[in-house]
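> My questions are about this predicted structure, shown below with the sequence.
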Amino acid sequence: MATDGNAALIERDLAHLVHPLQHNAAHQGGRVWVSGEGAWLTDADGRRFIDGLSGLWNVSAGHGRRELVDAASAQMMRLPYASGYSGSTNERAIELGERLAGITAEGINRFFFTSGGGEASDSNFKMARSYWKMKGRPEKTKVIARQWGYHGVTLAAMSATGMAPYWGLFEPRVPGFVHIPSPYPYFYDAPAGVSPGVAAANELEQAILREGPETVAMFIAEPVQGAGGVIVPPDDYFPRIREICDAYDVLLVADEVITGFGRTGRMFGMEHWGVKPDLIQFAKAVTSGYFPLGGIGISDEIAATLAQADTPWMHAYTYSAHPVGCAVALAMLDIVEGEDFPAQAARKGERLIGGLREAIGDHPNVGEVRGLGLMAAVELVRDRDSRQTFDPADKVGPRVLGEVMDRGLFTRVRGDVLCLAPPIVTRDEDIDRIVEIVHESVTAVLGRG
Ligand SMILES: Cc1ncc(COP(=O)(O)O)c(C=O)c1O
């Protein structure tokens, strides 16, 4: 097993690897992870950390789950791979489609599988465009997305992602992607007489009218914006979005890549508001990260249109419907349902968010502590009342992250927003330790206020 310590391994890593978000300076102090158990990770120096973001929001069942490993290994022995292209399929994919039909929104009953979330975004862009072509409306091609939305980084998914730092080096973006403001309650100023949720939703109507309804194929939104900083919309936001999409024949796509499978306290995030999307996408916790798998789910109306087409839907991945991924997902669904992940996330989320509010909610540099289920964020600002943000050059977020890491909590920041989404199996005492660490770290950088 690994004999080198963390620093030596990082040096070897830097010689030959290019990483996601590659940045040599940031990687210098990086960790090399060698093992995990439950909500805990161990690095190459033997130091233990709480996995504060469940890897990248995916390892919700925690590390070391024998059931997931056994499912993968049994399927690898029986049938490690088979083409998923039309004319060829496998038992596990069929079973997973049946299971997903039972837990996704009513009217979503057919699924296409991918290797992850970005491919799921691309699959939905192409599904939406092809649907409108099959309906005789080929000019409906545009995608409306939101600022602070994250949908992956393939060239098309990146063009939907609403964070400019992801674009810079890779411009030009794919044409036909438009962004509207996010329903960001802390920063969003609604006009008088309209609730912030409805006002933010109405931005979609204005964008559709600006672009021309006959050109807009779909609107994509995460129920709770995750990587953008755990932004929870007001309760009246998505019901109004649904009305607008219906009024202008725009498909509503729910990106449940982070929010799916219990994370927000419901099986899928959109259930909080009783809103039924036309298309969904999922990835991450569907296998708890034990195998790369994602996918989309399509409405009965879209499925019926696709079924009548006389030409093939020319979209495909070698690893679509991977039997091992599907086997792991089936074992994961047993865990999600058997251990009632939605209820656990709701209860532990209250403990985490309530604990953070009590510990640092009144701190003058804490703009807000927010979250839904077991996903939470602490928004750090120069002044909470005027909502004045820090100068990015002050690097407040990264400094707090450094303190957090020193105290044994591994997570990420978006600017000055500290994001938290530990595994749903995290023990109560570890949730309390996260609160303690965040409290100590915020006061270490910003004082007691
Ligand atoms: C909401 C959402 N959609 C899509 C993606 C992209 O997934 P992947 O990194 O598997 O391509 C992510 C990744 O964080 C995500 O959070």
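Thanks, I have the structure now.
> Name the residues of the stretch 51-200 of the chain found near the ligand, please.
Contact residues, the stretch 51-200 of the chain versus the ligand (CB under 6 Å from any ligand atom): Leu56, Gly116, Gly117, Gly118, Ser121, Tyr150, His151, Gly152. From N, CA and C alone the C-beta is placed, and that goes for glycine too.
> Can you turn the buried subset of those residues into a selection I can paste into PyMOL?
This is the PyMOL syntax for the buried subset of these, where burial follows 16 or more other CB atoms under 10 Å:
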select buried, resi 116+117+118+121+150+151+152
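> Show me where this protein dips below the pLDDT cut-off.
By pLDDT under 70, the weakly predicted segments of the chain are 1-3.
> Got the domain ranges for it?
7-64+340-446, 79-339 (the TED database).
> quick one: terminal-to-terminal distance for the last one?
The one in question is domain 79-339. Distance between the boundary residues of domain 79-339 (CA to CA, to the nearest Å) amounts to 28 Å.
> One more: the shortest one?
Start and end residues of domain 7-64+340-446 are separated by 29 Å (CA to CA).
> now do stretch 289-307
32 Å.
> Could you do stretch 420-434 as well?
Span of stretch 420-434 from end to end, CA to CA: 9 Å.
> For that stretch, buried residues please.
For stretch 420-434, the neighbour count (16+ other CB under 10 Å) marks Leu420, Ala421, Pro422, Pro423, Ile424, Val425, Thr426, Arg427, Asp430, Ile431, Arg433, Ile434 as buried.
> Residues contacting the helix or strand where Phe49 lies, please?
Element membership for Phe49 (DSSP states H and E) is strand 48-51. The contact list for strand 48-51, computed with CB atoms under 8 Å, 6 or more residues apart in numbering, reads 31, 36, 39-43, 59, 62-63, 405, 408-410, 422-423, 426, 430, 433-434, 437.
> Which ones among the residues you listed map onto strands?
Judged by DSSP state E, the contacts of strand 48-51 include Gly36, Trp40, Leu41, Thr42, Asp43, Leu409, Phe410 as members of strands.
> With distance to the ligand as extra columns, can I get those in a markdown table?
Shown next, in a markdown table, are the ones in strands among the contacts of strand 48-51 (distance: CB to the nearest ligand atom, whole Å):
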| residue | distance to the ligand |
| --- | --- |
| Gly36 | 19 |
| Trp40 | 22 |
| Leu41 | 19 |
| Thr42 | 24 |
| Asp43 | 23 |
| Leu409 | 20 |
| Phe410 | 16 |
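> Could I get the residues you listed in CSV, plus columns for neighbour count?
CSV is the format used below for the ones in strands among the contacts of strand 48-51 (neighbours: other CB atoms under 10 Å):
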residue, neighbour count
Gly36, 18
Trp40, 20
Leu41, 22
Thr42, 16
Asp43, 19
Leu409, 24
Phe410, 20
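> before we move on, back to that, just the residues of the stretch 51-200 of the chain next to the ligand: which are in helices?
Under the assignment DSSP state H, these contribute Leu56, Gly117, Gly118, Ser121 to helices.
> What residues sit buried inside stretch 311-330?
Buried, per 16+ other CB under 10 Å, within stretch 311-330: 317, 319-330.
> residues near Pro398, how many?
As a burial measure, Pro398 scores 14 neighbours (other CB atoms under 10 Å).
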